[in-house]
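3D, please:
(one chain, ligands or ions: 1)
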Amino acid sequence: MISKKTLKLILLLVFILSCTKTQDSPDIVVDIKVSRDGYSPEKIEVPKGKVVLFRITSADEGLGENETLRYYGHCFYIMPPYDVMVENIKKGETKEIKIKMLYPGSHIITCPYCSDYFPMKADLIVK
Ligand SMILES: [Cu+2]
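The predicted structure follows:
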């Protein structure tokens, strides 16, 4: 049996080691709308090294007819090296994620749920 304290420590370590998510306060806020038509804006430019708060609002249900389905809503997935995923953004809902822009270059944002059916792609330019 793992104690709560140990579990917290492990989670903290994973958090520190694994990703670009951060507790720092954001330098920039980027609002994004996602729907079956894709992402708006389709091209997002942010400066390298800054902490960006992404606020993603879904305008429709994505593939799901109702909220009980696993693939209801949309995702906001920044492909590796960021490898950051926000799942199940329901119709009308806004979810947030804060990311430190450590990796320069052009990165693809997509929705793994419904990218086979809808044009789910945006470009994240970090420079
Ligand atoms: Cu989607």
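
avg pLDDT for stretch 63-78?
When pLDDT is averaged over stretch 63-78, the result is 89.

cool, and stretch 118-127?
97.

ok, and what's touching it?
Residues outside stretch 118-127 that contact it (Cβ atoms under 8 Å, 6 or more residues apart in numbering): 32, 34, 36-39, 41-48, 62, 74, 78, 82, 101, 103-111, 114-115. Bear in mind the C-beta positions are built from the backbone N, C-alpha and C, glycine included.

cool, stretch 38-52 as well?
Here stretch 38-52 has contacts from 22, 24-30, 32-34, 98-102, 104, 109, 118-127, using Cβ under 8 Å, 6+ apart.

mind checking how far the residue lying closest to Arg36 once chain neighbours are set aside is from Ile56?
What sits nearest to Arg36 in space, not counting adjacent residues and going by Cβ to Cβ, 6 or more residues apart in numbering, is Phe118, at 4.6 Å. Separation of Phe118 from Ile56 (Cβ to Cβ, to the nearest Å) stands at 15 Å.

could you check which of those two is surrounded by more residues?
Neighbour count, other Cβ atoms under 10 Å: between Phe118 and Ile56, Ile56 has more, with 21 against 18.

quick one: which helix or strand includes that one?
Using DSSP states H and E, Ile56 sits within strand 51-58.

just Lys5 next, same as before
Element membership of Lys5 [criterion: DSSP H and E] is helix 4-18.

return the residues of the protein in contact with the ion.
Residues of the chain lying close to the ion by Cβ under 5 Å from the ion are 62, 74, 111, 113-114.
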